[in-house]
Every structure is written in structure tokens, then in C-alpha cells.
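Enquirer: Provided below for reference: sequence and predicted model.
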Protein chains: 4
Amino acid sequence: MGQTGKAVGGEPREAERRRTILRAAIDVFAEKGYHGCRIADVAQQAGVAYGLVYHYFKNKDELLRSVFEVGWSGFVARIREAADGERPVAEKIRQVCEVAFEAYRVDPRGVRVIIFEIARSPAGDGVNRRASFDEVIGLCEAMFERARSLGELREGLEPKLAALMLFGAVEYGLTGFVIGMFDANDEEGLRRVKQQVAESLLGGVLRGAAPEEKTWKPARSAAKSRADKRT
Amino acid sequence: MGQTGKAVGGEPREAERRRTILRAAIDVFAEKGYHGCRIADVAQQAGVAYGLVYHYFKNKDELLRSVFEVGWSGFVARIREAADGERPVAEKIRQVCEVAFEAYRVDPRGVRVIIFEIARSPAGDGVNRRASFDEVIGLCEAMFERARSLGELREGLEPKLAALMLFGAVEYGLTGFVIGMFDANDEEGLRRVKQQVAESLLGGVLRGAAPEEKTWKPARSAAKSRADKRT
Amino acid sequence: MGQTGKAVGGEPREAERRRTILRAAIDVFAEKGYHGCRIADVAQQAGVAYGLVYHYFKNKDELLRSVFEVGWSGFVARIREAADGERPVAEKIRQVCEVAFEAYRVDPRGVRVIIFEIARSPAGDGVNRRASFDEVIGLCEAMFERARSLGELREGLEPKLAALMLFGAVEYGLTGFVIGMFDANDEEGLRRVKQQVAESLLGGVLRGAAPEEKTWKPARSAAKSRADKRT
Amino acid sequence: MGQTGKAVGGEPREAERRRTILRAAIDVFAEKGYHGCRIADVAQQAGVAYGLVYHYFKNKDELLRSVFEVGWSGFVARIREAADGERPVAEKIRQVCEVAFEAYRVDPRGVRVIIFEIARSPAGDGVNRRASFDEVIGLCEAMFERARSLGELREGLEPKLAALMLFGAVEYGLTGFVIGMFDANDEEGLRRVKQQVAESLLGGVLRGAAPEEKTWKPARSAAKSRADKRT
DNA sequence: CATGAATGAGTCTTCATTCAT
DNA sequence: CATGAATGAAGACTCATTCAT
């Protein structure tokens, strides 16, 4: 009882406990989803008592928020580093991809949770997803804004949309690994995909110059008529 | 408008009810998410009695599955139409975008639910999300495969990744509307975004030919060192 | 529509329907028990529409009551026949057994329901089980009462208890068939058991005269001490 | 009285709670039957919160099973003690009766539940009633088997049937108390009934030697003809 | 009479959160 | 700080009963 154990020094045991629980939460969220997991699962995974979770986190929602914040803040910081500054956009974009894929390489579970459980889910009302989303998008939007002012951006492409597309491409690229379409253990594959995502974004998915069609005609006929008779 | 549908005459009392409930479910899912919605909400929204929902749907999960299938099957069919055939990839890609954005224009709530609640969420175990996802991705992968064999695809870009990126870009483009970054009521805006997504995918986000950098160096230094001291 | 069909004559179709449903109820009750069965089951088994059950029976409870009454009234009448009159008790007792086993032979399902679902279950509050139970027991009690007054009854055996034991023995004998300890299809076996029950009741389970022990000592020591420490 | 039990000291908080709930369940089952009882009733009766029941019992069915097992296992053990061994059958039978009536005296509610709600009811699918029933019957069957081999059993009486009849007589004897035909508070009456049951089983309900009728004629005429026009 | 869709009260069960030890 | 028993609100699901056609 009360054996203080390992009173070696360094960081307080409290912070360590907290991190243990947080880590457990990430793992459990990653596996079963926020709603599919119970506090009991987290406690068990962390190897602590049921009630202890509530010593470190006000409630389940705050736990989710913490998971998010811990992971997200670092990510945003690195994205900011990548997107800010005077370097050419191309390089910045490559760096953004680098950051995202590296984050995944280092902590796939964590990325999975952030992407699937938080960023794109109505769950965890405590998490201000919208604001966080806006934050990164905003960073890249600014990046593209500058690119546009320098004449680097594709004609007619709104910076905000460019930012969204960038993240869309990155997220789906990662999704390929998350859901097992690609082998998540293959570091070389991870690198290759990262590079392809970046280069395709920069220069398009097609070979050579973009065949920018001048006469865009929606060809709406078929698609639309059918679409209208949906439920 | 045109909501009455199928007023042909005959036996459609039952089918109509079913559709009413399905529609209500979509609306409630769209607003509160799968987990946040209660059967009671659906019933109320549909204007029917609680128990009636269970006349038409075995349980909450089957309701979700139906919502998904109804919306998804039509979508997939249209994507198939867009991605199949002998036309040039560029045109096909534009058509895929067309289909997605049109689906959103016609039924934003439905698309929101499919994207946010079903396709990318661990909820609704009954829904074989994975298979469905694979299905569309597979369609586009085949499209890009053919493009590659015709030499139309960017060198070194895997068709599967290309397919993922296509959907990533499209989904994030739509996300801009879903979360209100863009004005969802502005049809002109919707059209513009659609076009930009397509053209950027085709030719890249940058102006002119892709500045395919020969000497790619990960610039891993900063990103990695920091990433390693994860939680 | 409205095809009157088979307007042959005889008993009204209504009564026939009613009997069909009743029979179905017996079969379903026998299989799943009163609580385990739903009106839908009965309707299906009877091959009629859901709602029709409610045309013929006020509610589930009345259905059970009817099942009981139909079966029970006939049974009681026959028991009365067996127990009344001037014949010697032994013969009467044999006749009571005869009635019970014959009822089982003719309609095992019905007997099963009456024994398991109605006579000995708190279910079917509408059924005045107690009164019905009292009725048969009363009949046999009277029978034994007369036997006592004629000096035929075992010394010190209360008629009421004798009546209870009679039914206990009979019911358990039948239970052997109901639960499959004995082969319910073996008519010979049925006959044999019936006879054994009757004769054992009459003359005891032991061979020869009863070894009526004079000095009854409860031997309570062991049993009681242990019994007391039960939950 | 003596309710406090096991006040030994140690860790019995948990076990005590469990017993409290079990006891409450027995009481509620006894009063309203398995189906008529709600978990809320049990909780209230036990004076604990609703959810606590689920801490100690997986679900309603397991609660029932526990009620059964706790009561039944003790009962079976005592029956075994009574039925096994080398003593004369007569004594054993008396001991079996002793055990059953004593069990009732000590815990009438518990016996009521076991007899009415569990042993002879299709409810509580979790309970392997059949096996339990077979168990006790088997014990007594063995007892009668030995008696037969010693020539103590009535000629032609199958041990299995004898076992069934024994329990039938005992159960119905107890039923007299359970349903209030006899005064359950009258210990003297209880003793008297117990003795009568035992002696009647041993020597028959009739006075003197069994009037084993040689010419058994079913007198089927009346009973059968009527029985055939069943519902 | 017949049908089966519609209704909604009644219960079980889960699980986040609290609290006594 | 730790523990895990205790609490009770919330919500899915069932099914007897009603009722419009």
C-alpha cells in the first residue's frame, strides 16, 4: 500500500498516467470507434482502474478532445512550418505531403482516429472540429493565395478549393493504407505513394500538359435526368 | 417539387411509407449523425408512429443500410457509366465529377449522410462500407488502368492511387459545401468548383507543365525529429 | 372477392374458424408456451390473417382462457363421471387415471398446454386456475371423503391430500411422456404406465402390506441443519 | 432471524449484495412469476439501483438461472443423501419427503419459485430444466432400481415411474400449501401432510393390502367416445 | 367478415458518471 | 491518488391491440 515505487525522479507519475490513458484511448478509438468504445475499454487497455480515467479526464468527450488536441496541434504546427515561408509552392506542397505521411508512419493509429473519428464525424461534440479543420485549410489556403499572387496557381483555381483538394488527395492516399488497400508496413510503398500524391497534385494526373478543354459542356443530359428520380 | 413522384396509381401505399421513413432517416442522420439519432426522431420526422419504423425496417442498422444502399447503388451506377467506355480519360474524369456534384445538387442531405455517416465511419456495422468503397474505387481504378495502357496516365502513378485521389478531391470539394465553406445554394458556384476540381486533377494545381523536380529530397530533418516524440 | 364458397350448409363457417384458431393456439402454446408465443404465431399457424384472431377472441388472455375452458370442461366432466357414484373407490381411481391418460392419448398437445401453461403458471390471469384446480380436486376429495366414511381410506389420510396425491401421481406420470422420458407414441406403454399409476396409488409402491412404521422420527438432524444455511 | 448469516468478517460485501438481489428475485418471481416480474421490481425489492442488478447478473435470464441453481443444487444434494446408501427404501422415501417438506418449511417462496416458475415452465430458456429434472428423477430412479433388485418394489412398477410418482405426490402435497389449501403456517399440519404422503406412497392410499384387481377392464366406453370429439 | 398496416406503452439493457472506501 | 461498486437516464426493440379499407 502506498508504495511510492520508482521514485527515481523526472516527470511526475501523474503525467505519465495521463499519457498512458490517452494512448489507450487512441488505440481503442482506432479499433472500435468513439461510439463503439466504452470507458471500461479504455481503462482496461490502459491497465488502470475504471474510475481512474475520470481522475484525468472530465468525461469521455474531453478524452476525445484531448486525443484530438494532442495529435492535432503537433500536426498543425508542422503543416504551418511546411506551408509558411517564402519557398516555392511546389516545394511547400511536397512538404505538406511529407508531414502528413510521416505522421501516419509514426503513428498510424493516431492518424486513423483523427481522420475517421474526429475530423469527419459528428461525434465528440466537445471537439471543435470545424475550427480545427478551418485552421489547416486556412494555412494552406494562405499558401495557395500567395502562390496565386505569384502567378503560380492554375488559372481560375480558388485557393480555398486548392487547399481542400490537397487535403482530400492526402487523406485518401492515407486512407488507402488505413483500410489496407496498400500495405501499411511497406515503408517504401508509403514513400512512393506520398511522392505520387504530391506530384500528381502539382502536375495533374495526366501525362504532359493539361488538355485544358476550352468548351466545357456538362453533358448533363443523362446524369441529371436520372439523378432526379432518386428518392 | 416533383416530390409526389410515381403518382401512377396502384399499390404504392406501402412503398411510399417506406420511402417516407427512409427520407426521414436520411434527414435525421444528416443532422445528428447515426449515433446521435434515435428511432424516435426518425419516426417523428416521418410523421409516423414509433413502431411503424420497425414494420419497414428490421432495426436501426438495417435502416442505415437501406439509406446507404438506396443512395449508393444509384451513385455507383452513374459512376460506372462515367468511367466505363472508350472515351478519353479526361472526359471520363470530368464526367465522374459531374456525377458527384450533380448528386450533391440534387440531394445534399443524402450525399452528406453517405459521405460522413456511412462511407467513412465505423458505425453501422451492417453496412459493408469497405466493399462499397472498393466498388467505386475499383471502377475508377479500371478507368485509370486503361488510361495507363494508353499512355495517358502520369508516369509512375498507380491507377489505384489515382482513383483514390480522384475521390479525395471530389469529396473534399463537396465537403467545402457541406460544411459551409462554400455557399451550397449557389448553383453557379457549385458548377465552378466542379470544373476546377476536374481540371486541377487533370492538369495539376499549378500553372503550366508540371515542374517535376528531379531531385526529391524528403527534407525529413525537421518533421521527423519532432514527430518521434509523439504522445 | 366475397366468394362465399362452400355454402354447403351445416355449421356456420364462423364456428369453424373459431375452432381453427383455438386449435392453432393450443399447438403454439404447447410448443412455445403462452408467453413465448405471439398472436402472429397463432394467426400463422391457423393460416388466417393477423387481425382475424381479434374477431374471435377479445384478446390473448381470452384466447388462453378459451383454450383452457374447452379442454378443461370436458376433462372435468369426465372426471366427475369417474369420481361420482356408488362404485368402490379403487374402481373410481382407476377410472380417473383412465380419463387422464386417455385425454393425453387423444390430444397430447392440449393436455400439455393445460398442465404446463395454465394449471401451473401465474400466466393467463383471466383464467381462474385456482377455481378450476379446486374443482377437480374437490371432486376427488369428495370421492375420498366417501371412501373414508366407508372405511376404505388409509387411516389418517386426509381426503384432500389423497386427491392431491392422485393428481400428482397422474400428472407426473403424464409428464414422463410429455418430456419424452417415455415414448409418447407407444400406446402400449401409455396403457402400462396408466395401470401402474393406478395400482401404485391404490396399494403403494412397495410390495405387500405397507410397513407402516409406528415410530416416525423425522431424522431431522442432518436435513434441517443444512437446510437452514440456504440463501 | 439468523438472516445476518456469515457475519464472519472479511470480503463479504459483494457476495452479500448478490445474495440480496437473488433473494429479491426469488420473492418477486414467487409473487408475479418470471414473466410478470420486471428487473425494476427486483431492484426495488432488493433496495438497490436498477443498474446494479446488471452488475451481478448478466441479464434477466441469468438471474433466473441463478435463483434456480442456488436453490436446486442444495435440494439435489439433500435428495441424493436421502436416496443413496444401503438403508431400506421405505426409510429413504420417508427421507426424501422429509427433505422436500423441510425445504418448503425453511423457504416456501424459494420452493414455490423452483416448482412453479422454473422446473415446470417453458420460461427461462437459459435454465436447463430438463437436465435438472432428470437429475433428481434419476437419483430416485436408482433408488427404486435397487429396491426392485431387492424385491422391495411393487411387481411391475418401473423404477422411473416410481420416481416420477414420488415427486408428483410430494409436489402436489406441497402445492396444497403453496396455493393455500392447507395452512402453510401450521408446522404441525406440514408434518402431518409429509407423513401421510410418505406412508401413502409406501403402502397405498387404501387401507390394508392392495386390492389388486385381476380383471382390469378399461371401461373405456364412455370416456373414449367423448374424448374423440375433441376441439 | 377479413386484412394487415399503424400505434405506442412496456421492458430490457447499456454505459457514462458519481462516490464511498 | 486508486478502486470499482452504485446509480439511473437513455434508447432500442417487442408485441398486444386498434382501425381504416
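Expert: In hand now; what should we look at?
Enquirer: find the closest residue to DNA strand E in chain A.
Expert: Residue nearest to DNA strand E within chain A: A:Asn59 (3.0 Å; Cβ to the nearest atom of the strand). Quick note: C-beta positions are derived from backbone N, CA and C, even for glycine.
Enquirer: center of chain A - which residue?
Expert: For chain A, the residue lying nearest the average C-alpha position, counting by Cα atoms, centre = their mean, turns out to be A:Ile115 (4.7 Å).
Enquirer: how close does that residue get to chain B?
Expert: To chain B, A:Ile115 is 8 Å away according to Cβ to the nearest Cβ, to the nearest Å.
Enquirer: next up, the contacts around the residue nearest to that residue when sequence neighbours are not counted.
Expert: What sits nearest to A:Ile115 in space, not counting adjacent residues and going by Cβ to Cβ, 6 or more residues apart in numbering or on different chains, is A:Glu171, at 6.1 Å. For A:Glu171, the contact set (Cβ atoms under 8 Å, 6 or more residues apart in numbering or on different chains) comprises A:115, B:168, B:172.
Enquirer: mark which of the residues you listed are part of strands, please.
Expert: Secondary structure from DSSP state E places none of these in strands.
Enquirer: just the residues you listed: which are in helices?
Expert: Judged by DSSP state H, helices contain the following of the contacts of A:Glu171: B:168, B:172.
Enquirer: between the contacts of A:Glu171, which sits nearest A:Arg109?
Expert: Of all the contacts of A:Glu171, A:Arg109 sits closest to A:Ile115, with 11.0 Å by Cβ to Cβ.
Enquirer: from the contacts of A:Glu171, which is closest to chain C?
Expert: A:Ile115 (45.7 Å; Cβ to the nearest Cβ).
Enquirer: pLDDT score assigned to the closest one?
Expert: On pLDDT, A:Ile115 comes in at 78.
Enquirer: was I right about it contacting A:Tyr172?
Expert: No. Judged on Cβ atoms under 8 Å, A:Ile115 makes no contact with A:Tyr172 at a distance of 10.1 Å.
Enquirer: tell me the phi and psi of A:Leu206?
Expert: Main-chain dihedrals, A:Leu206, degrees, to the nearest 10: phi -90, psi 160.
Enquirer: does it touch B:Gly151 like I think?
Expert: No. With contact defined as Cβ under 8 Å, A:Leu206 does not reach B:Gly151; the gap is 10.2 Å.
Enquirer: now A:Lys160. Nearest residue, chain neighbours left out?
Expert: A:Glu141 (4.9 Å).
Enquirer: ok so, going back, of A:Leu206 and B:Gly151, who's got more company?
Expert: A:Leu206 (24 against 9; other Cβ atoms under 10 Å in any protein chain shown).
Enquirer: which residues are in contact with the helix or strand encompassing A:Arg192?
Expert: Per DSSP states H and E: A:Arg192 is located in helix A:187-203. Residues outside helix A:187-203 that contact it (Cβ under 8 Å, 6+ apart) are A:90, A:93-94, A:97-98, A:100-101, A:104-105, A:165-166, A:169-170, A:173, A:176-177, A:182-184, B:154, B:156-158, B:161-162, B:165, B:203-206, B:209-212, B:216, B:218.
Enquirer: chain C contacts on chain A?
Expert: By Cβ under 8 Å from any Cβ of the partner chain, no residue of chain A approaches chain C.
Enquirer: please, where are all the strands along chain A?
Expert: Going by DSSP E, chain A shows no strands.
Enquirer: domain-wise, how is it divided?
Expert: Using automatic domain parsing, the domain parsing of chain A gives A:11-58, A:61-205.
Enquirer: to D:Val28, which of those lies closest?
Expert: domain A:11-58 (28.8 Å).
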